[in-house]
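I'd like to go over a predicted model; first the sequence, then the structure.
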Amino acid sequence: MAQWIEGKVSENIHWTENLFSLKIDADVDTFTAGQFTSLALDIDGERIARPYSYLSSPQQRPLEFFFYTATDGMLSNALVKLERGDSVWVKQQSNGFFVLDEIPECTDLWLLGTGTGVAPFFSILNTDEPWQRFEKIVLIHGVRTLADLRYQEVIQSLQEKYRGRFYFQAFVSREIVEGTINGRIPITLEDGSLENALGLMLDVEKSHIMLCGNPDMIKDSVEILKTRKFTKNRRRSPGHITIENYW
């Protein structure tokens, strides 16, 4: 059984009223980029826990996590108030199969995420493996407003380092923002406008798609991709689509 260990908050970054990141010092076991652990706080005599994906890569310290404070989220609404030096419980062992070891051989990797669902993608992208395995990597990030579009300095660094190999496209659903697409990701998969914007086509012969975030985005995207002959990826029957529902 996985053990709880005590971590210490080294930084709490408040991006917006509801969006924040925690950096935590904790002696966790080695994990694989794309995996998740659990965080917990003792609230009114009860340990309240929830799984969260690492945003940080395995070699990076402190550990970093990306949060949205849901209206009814008891834990997230407590985590957002933590300050430097405060304690937080962290599961010592990580879990999850949303990792590159589960991805079949292909040349193009597409990473589609919404909100804080991009966290495991940043964990993956800041390791050497994807750049050694894939010729082209696409990151799609869907948010509600421009203020929710965080970690752009990481995006810029990847674009400069992997020029011609790394593609990024932001979606903003509630605002019109230059350089972004206004609307939902699934619609652009259906009409081809996302691929036209990127100048890169999804291809069943060479593309794999990883999706993480809003369950509705994932469900609708998978249904559309299935009409284009993409199939779900399973160990016994490798396919093109790997998913991680984020709530």
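That came through fine.

in the lengthiest strand in the chain, what counts as buried?
If you go by DSSP state E, the chain has its longest strand at strand 4-14. Buried residues in strand 4-14, counting neighbours by 16 or more other Cβ atoms under 10 Å, are found at 7-10, 12. The C-beta positions use only the backbone N, C-alpha and C, and glycine is treated the same way.

what lies in contact with it?
20-28, 40, 47, 62-63, 80, 82-92 (Cβ atoms under 8 Å, 6 or more residues apart in numbering).

just to revisit the earlier point, make CSV from the buried residues of strand 4-14 and add pLDDT and distance to residue 32 to it.
Below are the buried residues of strand 4-14 laid out as CSV (pLDDT from 0 to 100; distance: Cβ to Cβ, whole Å):
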residue, pLDDT, distance to residue 32
7, 98, 19
8, 98, 24
9, 98, 24
10, 98, 23
12, 98, 26
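
closest to residue 106 out of those residues?
Nearest to residue 106 among the buried residues of strand 4-14, counting by Cβ to Cβ, is residue 7 at 36.2 Å.

what about the nearest residue to that closest one once chain neighbours are set aside, distance to residue 96?
Once flanking residues are discounted, residue 7 sits nearest to residue 26: 3.2 Å by Cβ to Cβ, 6 or more residues apart in numbering. In this structure, residue 26 and residue 96 are 18 Å apart, going by Cβ to Cβ, to the nearest Å.

the two: which is more packed in?
A count of neighbours by other Cβ atoms under 10 Å puts residue 26 above the other of residue 26 and residue 96, at 21 against 17.

which residues touch the more buried one?
Per Cβ under 8 Å, 6+ apart, neighbours of residue 26: 5-8, 62-63, 90.

10 Å - rerun?
5-10, 37, 39, 61-63, 87-92 (Cβ atoms under 10 Å, 6 or more residues apart in numbering).

cool, residue 191 as well?
Applying Cβ under 10 Å, 6+ apart to residue 191 gives the contacts residue 224.

ramachandran coordinates for it?
phi -100, psi 0 (degrees, to the nearest 10).

do you know the pLDDT at it?
With respect to pLDDT, residue 191 scores 96.

what about it, distance to residue 238?
Distance, residue 191 to residue 238, by Cβ to Cβ: 28 Å.

domain parsing for the protein?
As given by automatic domain parsing, the domain ranges for the chain are 4-91, 100-245.

now do the longest strand of the chain: distance to the chain's middle.
19 Å (Cα atoms, centre = their mean, to the nearest Å).

and the angle for the helix or strand that it is followed by with strand 4-14?
Sequence order places strand 19-25 as the next helix or strand after strand 4-14, per DSSP states H and E. Strand 19-25 runs at 140 degrees relative to strand 4-14, counting by axes from the mean of the first three to the mean of the last three Cα atoms, to 10 degrees.

helices or strands up against the very next helix or strand once past strand 19-25?
Toward the C-terminal end, the helix or strand that comes next after strand 19-25 (DSSP H and E) is strand 36-43. Counting contacts by 3 or more Cβ pairs under 10 Å, 6 or more residues apart in numbering; DSSP states H and E, strand 36-43 is packed against strand 4-14, strand 46-53, strand 63-68, helix 74-79, strand 87-91, helix 119-125.

how close does the residue most central in space within the chain sit to residue 217?
Centroid check for the chain by Cα atoms, centre = their mean gives residue 118 as the closest residue, at 2.3 Å. Between residue 118 and residue 217 the distance, using Cβ to Cβ, works out to 12 Å.

do the same with residue 194
Residue 194 is 13 Å from residue 217, by Cβ to Cβ.

any common contacting residues for these two?
Between them, residue 194 and residue 217 share the contacting residues 112, 171, 185-186, judged by Cβ under 10 Å, 6+ apart.
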